[in-house]
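>>> The following comprises the amino acid sequence and a computationally predicted model.
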Amino acid sequence: TLRATKRVIQARNNFIIGVTSNGELERMLNRKNYPVIKIPTGYPPRCAISYLTMPLIVTLSTLSRIDMDEDIKYTYNQLIKMRENIRREVRENKNLAKAYAKKILRKIPLIYSYRPYCSVAVRFKDQLNENSKMLAKFDHIPEMNHNDIMLFEAIQIEKEKVLVAILRGSEEDLDVRARIDYLKRILEKENIDFIEISVKSGKRLSEIFEMIYLTDLISYYLAIYRSIDPTPVHLISDLKKYLAQVRQKLGIEEQ
């Protein structure tokens, strides 16, 4: 991030706006008098997604003169509704996030989705890695029809250890729907468990954030069910320290 920012600054004549909590990025931009949007400190990046994305949405909306107020309000209201159904106090039989987490528990999740929801599916995979400390894989539709689909013809591990998770929204054309229907037929034939995580509230921004909220909570509950603290990521922290030492020895700039 720092290296990319430095290159953009050196290129000159670029309009730069920073979104950061503190640190070197803020200092770098302040030295050049670029505007900086400050967000609260103390959150791991994966827990600060709303703080990081909403300032960008509002800024780009203002610059492009595209009014996003209604979409943002709708998204907020949908998230409030979802919160009441998946919060910690809600029991598993009425809590979709807990129910999905129980299904994924002790499985290797293979996650599939399609545009515009692929970024959410990637984040879901990453959250399972970081929060739940478990193996997960992602591929997108239709690309998985050209490679991943062959896993199910001669699967190399016990089928009961695998679970396919399909993320679905309202922006699903007939071709994608046909591909998913075919995939489900294969999974049923091979007795491979699958779940469909569907959010179809009708607006793209809202659906994306609802999916993020739901899948984040799934990864959180999975960590709890596995008796794992979802917050620390010790190996990532150790890697950063190691790379900092290597860069210092070699005189390489921080990235």
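Looks like it arrived, so ask away. For clarity, every value in this text was computed on a predicted model and none was experimentally measured.
>>> Name the spans of this protein whose pLDDT lies under the cut-off.
Along the chain, segments meeting pLDDT under 70 span 253-255.
>>> would Glu196 count as being in a strand?
Yes - remark: Glu196 belongs to a strand, assigned using DSSP: H, G, I helix; E, B strand; the rest coil.
>>> Skip the chain neighbours and tell me the closest residue to it.
Using C-beta to C-beta, 6 or more residues apart in numbering and skipping the chain neighbours, the partner closest in space to Glu196 is Ile166 (5.0 Å). Every residue, glycine included, has its C-beta placed from N, CA and C.
>>> Which elements pack onto the helix or strand hosting that neighbour?
Counting by DSSP states H and E, the element that carries Ile166 is strand 162-168. For strand 162-168, the packing partners by 3 or more C-beta pairs under 8 Å, 6 or more residues apart in numbering; DSSP states H and E come out as helix 96-104, strand 108-113, helix 118-130, helix 174-189, strand 193-198.
>>> Quick check: which of these is nearest to Ile72?
Ile72 lies closest, by C-beta to C-beta, to one member of these: helix 118-130, at 17.7 Å.
>>> Residues touching the closest one, excluding its own?
The contact list for helix 118-130 (C-beta atoms under 8 Å, 6 or more residues apart in numbering) reads 46, 104, 109, 111-113, 134-138, 140, 165, 167, 208, 211-212, 215-216, 218-219, 222, 230, 233, 236.
>>> Okay, and which of the residues you listed map to strands?
Pro109, Ile111, Tyr112, Ser113, Lys137, Phe138, His140, Ala165, Leu167 (DSSP state E).
>>> Reformat these as JSON lines; add neighbour count and distance to Met82.
Output for the ones in strands among the contacts of helix 118-130, formatted as JSON lines (neighbours: other C-beta atoms under 10 Å; distance: C-beta to C-beta, whole Å):
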{"residue": "Pro109", "neighbour count": "25", "distance to Met82": "21"}
{"residue": "Ile111", "neighbour count": "23", "distance to Met82": "20"}
{"residue": "Tyr112", "neighbour count": "25", "distance to Met82": "22"}
{"residue": "Ser113", "neighbour count": "26", "distance to Met82": "18"}
{"residue": "Lys137", "neighbour count": "14", "distance to Met82": "26"}
{"residue": "Phe138", "neighbour count": "21", "distance to Met82": "22"}
{"residue": "His140", "neighbour count": "18", "distance to Met82": "24"}
{"residue": "Ala165", "neighbour count": "26", "distance to Met82": "18"}
{"residue": "Leu167", "neighbour count": "24", "distance to Met82": "15"}
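>>> Tabulate those (a markdown table), appending distance to Lys240.
A markdown table is the format used below for these (distance: C-beta to C-beta, whole Å):
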| residue | distance to Lys240 |
| --- | --- |
| Pro109 | 27 |
| Ile111 | 26 |
| Tyr112 | 31 |
| Ser113 | 30 |
| Lys137 | 25 |
| Phe138 | 24 |
| His140 | 29 |
| Ala165 | 30 |
| Leu167 | 30 |
